[in-house]
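*Asks:* sequence below, structure please.
(chains A and B)
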Amino acid sequence: MTQPTTGGGATSTNPGLSTNPGAVPTRRGTELILLAFAAGIVTLANVLVEANQTESVTADVLWYGLAYLGLFGVAHVAVRLLTPYADPLILPCVALLNGLGLVMIQRLDPSIQEHLRALGVDERFVPNDQGPKQVLWTAIALGLFVAVLVVIKDHRRLAKYGYTCGLAGLVLLALPGLLPASISEANGAKIWLRLGIFSIQPGEFAKILLMIFFASFLVAKRDLFMHAGKRVLGMDLPRARDMAPLFAAWGLSVGVLVLEKDLGTSLLFFGIVLVMLYIATERAVWLVIGLTFFMAGCVIAYNLFSHVQLRVDIWLDPFADFFGKGNQLALALFGMGTGGIFGTGLGAGRPELVAFANSDFILSSIAEEVGFVGFAAVLMVYLMLSMRGLRSALAVRDSFGKLLGGGLAFAIGFQVFVVAGGVTKLIPLTGLTAPFLALGGSSLVANYALVALLLRISDAARRPVTVPKPRPQQAPIAEASTILVERPR
Amino acid sequence: MQLTRAGFLALLWLFVLAALRVVRSDLYAASGLRATVPGFRRSAGKPVRGKAPRQLVVTHGALAGTRITLEGRPILIGRADDSTLVLDDDYASTRHARLSLRGTDWYVEDLGSTNGTYLDRAKVTAPTRVPLGVPIRIGKTVIELRS
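*Replies:* Below you'll find the model as predicted:
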């Protein structure tokens, strides 16, 4: 059996041995080197922070660096064992982002406390130990990451649980909106689920489950979206009834907006559905229709909800109400301005002046301290992460994997766009957080699960085609030769 | 201090560049959709003549652009997962057609498909020799052999 040239030149040089596992490089060594590189960068970042803040460097940073390397070493071993052909760039990119996020959160901890106390905020509302908590969340997230790799041996099997995932995702998404505000509301958005000591955002997990549902749904019902209806302005419009799923998705994201007051999740959800529909059908008309829906949704939301109006007003002119509503964004802009091209240096800036400097505004905190040059590098790392995901989606052979991989990779890129656009005043601010960087356990855990799925898909994409199934033991009945059998007596 | 600050930024970009190097070296290997680099394809045994088909190219349909190098073993085409060319096409059967090498020529053979296999315009009923560059139509997919 000839195979698609998955292995490039490597397989074709020995045609008889194309199923030899050594024929395709697994590139795990590259991954390990890049991980060590990332650990080096994170350690250096830690050293710089300490040097800038306390004017002395202790040996502790070395231990932090080693612990970080150990943590991701475990992840690397899991990848080596479970998905040997996975993309070598995804894990190091994630590790670097997560590491920089940890350094930043750790660095902001004392400054934020000091700043809040100086403002005279009640001691009860001064957060403590957010850095160590985030480290703990990272460990939990890596645990889940390994668990996903262990449990899901073949991403195609997820397609069978499409509707289950869809239902579970829907419940998780709607839960905080329907629960009383005392359990689910924080800072104006009803997206939390507070269970005693820790609280999670179920929407982060719903995102992945709904993507699995949409991928399996679209694979099964793809033809439905290919029927051409009327032709208007040179585009084949789909039939009105085929638009029902898109309409449902739109209704759901508006519902999230109304019930949970969460602009970000609503936007992310609609964007993902739209892009997956586009990937499945290859018809740009869906994007046109979706964007029209989106515009309509924007106008309705703007006219009906005060919190949307507020966001838009801040976006249009954050300096209009500098000491009030626009303060956060205005200070973030000033901070990035102070950073300039090369930044103030890690630990030397004052990003803590911005409210939520370590979660929603961590991108602007980083931009202030490493400047445009460093911020561009961080965005490049995100870009590569998303790009490698899309590349795996392109290369994988089954439609479900293509759709799911495309959706997951797009989700990362889209989140970064929405967050970075928000803090740099390109688009109105939303409640999304930068994946892997920002403070927040749910986001971290969910995004690690997402990356585990991407690795699984990229492993399937790069794995050489397995040995063709052994020929059926019996020849087809038509070719079978007649055998004379003695009649039993 | 200024030096370490610049050093950190340089290191960040070095990471990006190192990652991009991996992307570059991986560009062809990971796609699964590209032809192999030409040259050094003379397999052991008989030398391949200049006009012998070396790859199968999908020219139309959902998989357009896909190339499969021909290595002498038969190629199964259909919707089944274990086919060499897995078609996601409602007009194709689970096991639709087979391309196989006999001597130096490739033959196409219909495996009892519902909608038939067409070589150029003619329906394939028995194994038929496939000349270079002649389209084979299977459902909405068109493939051809190229050297």
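*Asks:* which residues in chain B form helices?
*Replies:* Counting by DSSP state H, residue ranges of the helices within chain B are B:2-26.
*Asks:* can you name the residues of the stretch 151-300 of chain A that neighbour chain B?
*Replies:* Counting by Cβ under 8 Å from any Cβ of the partner chain, the stretch 151-300 of chain A comes close to chain B at residue A:223. All C-beta atoms are positioned from the backbone trio N, CA, C, and that covers glycine.
*Asks:* quick check: the residue of the stretch 151-300 of chain A nearest chain B.
*Replies:* Residue nearest to chain B within the stretch 151-300 of chain A (Cβ to the nearest Cβ): residue A:223, separated by 6.7 Å.
*Asks:* identify the residues contacting that residue.
*Replies:* By Cβ atoms under 8 Å, 6 or more residues apart in numbering or on different chains, the contact set of residue A:223 is residue B:90.
*Asks:* and it, what pLDDT?
*Replies:* The predicted local confidence for residue A:223 comes out at a pLDDT of 72.
*Asks:* ok, the residue in the stretch 51-200 of chain A positioned nearest to chain B - contacts?
*Replies:* Evaluated by Cβ to the nearest Cβ, the stretch 51-200 of chain A has residue A:89 as its residue closest to chain B, separated by 5.4 Å. Residue A:89 is in contact with A:31, A:34, A:384-385, A:388, B:19, B:22-23, counting by Cβ under 8 Å, 6+ apart.
*Asks:* for residue A:42, same thing?
*Replies:* Listed by Cβ under 8 Å, 6+ apart, the contact set of residue A:42 reads A:65, A:68, A:96, A:99-100, A:102-103.
*Asks:* go with 7 Å
*Replies:* Taking Cβ atoms under 7 Å, 6 or more residues apart in numbering or on different chains, we find residue A:42 in contact with A:65, A:68, A:99-100, A:103.
*Asks:* pick out the residue of the stretch 301-450 of chain A closest to chain B.
*Replies:* As assessed by Cβ to the nearest Cβ, chain B sits closest to residue A:377 within the stretch 301-450 of chain A, at 4.0 Å.
*Asks:* for burial, what's the neighbour tally of that residue?
*Replies:* 22 (other Cβ atoms under 10 Å in any protein chain shown).
*Asks:* what helix or strand is it on?
*Replies:* When secondary structure is defined using DSSP states H and E, the element that contains residue A:377 is helix A:362-395.
*Asks:* give the next helix or strand downstream of that helix.
*Replies:* Reading on from helix A:362-395 to the C-terminus, the next helix or strand found by DSSP H and E is helix A:399-423.
*Asks:* and that next one, what does it pack against?
*Replies:* Counting contacts by 3 or more Cβ pairs under 7 Å, 6 or more residues apart in numbering or on different chains; DSSP states H and E, helix A:399-423 is packed against helix A:202-220, helix A:263-281, helix A:362-395, helix A:441-462.
*Asks:* what residues does the stretch 301-450 of chain A have near chain B?
*Replies:* Taking Cβ under 7 Å from any Cβ of the partner chain, the part of the stretch 301-450 of chain A that reaches chain B is made up of A:342, A:345-346, A:370, A:373-374, A:377, A:380-381, A:384, A:391, A:394-395, A:397, A:399.
*Asks:* in those, find the pair that's most separated.
*Replies:* Farthest-apart pair in those is A:345 and A:399; separation 49.0 Å (Cβ to Cβ).
*Asks:* skipping adjacent residues, who's closest to residue 139 in space?
*Replies:* Since no chain was named, I'll use chain A. The shortest distance from residue A:139 to any residue that is not its chain neighbour, by Cβ to Cβ, 6 or more residues apart in numbering or on different chains, is 6.5 Å, and that residue is residue A:71.
*Asks:* please go with chain B instead
*Replies:* If you skip the residues right next to it in sequence, residue B:139 has residue B:91 as its closest partner in space, 3.2 Å away by Cβ to Cβ, 6+ apart.
*Asks:* now do residue B:118
*Replies:* Counting by Cβ to Cβ, 6+ apart, residue B:137 is the residue found nearest to residue B:118 once chain neighbours are left out, at 4.2 Å.
*Asks:* what about the spatially closest residue to residue B:5 that is not a sequence neighbour, how many neighbours?
*Replies:* What sits nearest to residue B:5 in space, not counting adjacent residues and going by Cβ to Cβ, 6+ apart, is residue A:345, at 4.5 Å. Residues contacting residue A:345 under the criterion other Cβ under 10 Å number 22.
*Asks:* ok, now residue A:110?
*Replies:* By the measure other Cβ under 10 Å, the count of residues near residue A:110 is 13.
*Asks:* now the nearest residue to it once chain neighbours are set aside: how far from residue A:332?
*Replies:* On the basis of Cβ to Cβ, 6+ apart, the spatially nearest residue to residue A:110 that is not a chain neighbour turns out to be residue A:53, at 8.0 Å. According to Cβ to Cβ, to the nearest Å, residue A:53 and residue A:332 sit 21 Å apart.
*Asks:* compare these two (neighbour count), which wins?
*Replies:* It is residue A:332, of residue A:53 and residue A:332, that has more neighbours when counted by other Cβ under 10 Å, with 29 against 14.
*Asks:* so who does the residue nearest the centre of chain A touch?
*Replies:* Closest residue to the average C-alpha location of chain A: residue A:412 at 3.6 Å, with Cα atoms, centre = their mean. Neighbouring residues of residue A:412 by Cβ under 7 Å, 6+ apart: A:385-386, A:389, A:435.
*Asks:* can you redo these as a markdown table with neighbour count and pLDDT?
*Replies:* Supplementary listing: the contacts of residue A:412 in a markdown table, determined by neighbours: other Cβ atoms under 10 Å in any protein chain shown; pLDDT from 0 to 100:
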| residue | neighbour count | pLDDT |
| --- | --- | --- |
| A:385 | 27 | 95 |
| A:386 | 24 | 95 |
| A:389 | 29 | 94 |
| A:435 | 28 | 93 |
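*Asks:* same list (those) but as a markdown table, adding distance to residue A:125.
*Replies:* Shown next, in a markdown table, are the contacts of residue A:412 (distance: Cβ to Cβ, whole Å):
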| residue | distance to residue A:125 |
| --- | --- |
| A:385 | 35 |
| A:386 | 36 |
| A:389 | 39 |
| A:435 | 27 |
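*Asks:* which of those residues sit farthest apart?
*Replies:* Longest distance between any two of the contacts of residue A:412 is 11.9 Å, between A:389 and A:435; criterion Cβ to Cβ.
*Asks:* picking up where we left off before, ok, the contacts of residue A:412 vs residue B:59, which is closest?
*Replies:* For those, the minimum distance to residue B:59 (Cβ to Cβ) is 28.7 Å, reached by residue A:389.
*Asks:* separation between residue B:94 and residue B:118?
*Replies:* Going from residue B:94 to residue B:118 by Cβ to Cβ gives 19 Å.
*Asks:* tally of neighbours for residue 99?
*Replies:* Going with chain A. 26.
*Asks:* wait, I meant chain B there
*Replies:* With neighbours defined by other Cβ under 10 Å, the count for residue B:99 comes to 25.
*Asks:* same check on residue A:413?
*Replies:* A total of 19 residues lie near residue A:413 under the criterion other Cβ under 10 Å.
*Asks:* quick check: closest non-adjacent residue to it.
*Replies:* Among residues not flanking residue A:413 along the chain, residue A:386 sits closest, at 3.7 Å (Cβ to Cβ, 6+ apart).
*Asks:* tell me the contacts of the one you found?
*Replies:* Contacts for residue A:386 (Cβ under 7 Å, 6+ apart) come out as A:409, A:412-413.
*Asks:* do you have the strands of chain B handy? List them.
*Replies:* Counting by DSSP state E, chain B has these strands, from start to end: B:55-60, B:67-69, B:75-78, B:85-86, B:97-102, B:105-110, B:117-119, B:122-123, B:128-129, B:136-138, B:141-146.
*Asks:* re the thing from before, what distance do you get for the residue nearest to residue B:118 to residue B:119?
*Replies:* The spacing between residue B:137 and residue B:119, counted by Cβ to Cβ, is 8 Å.
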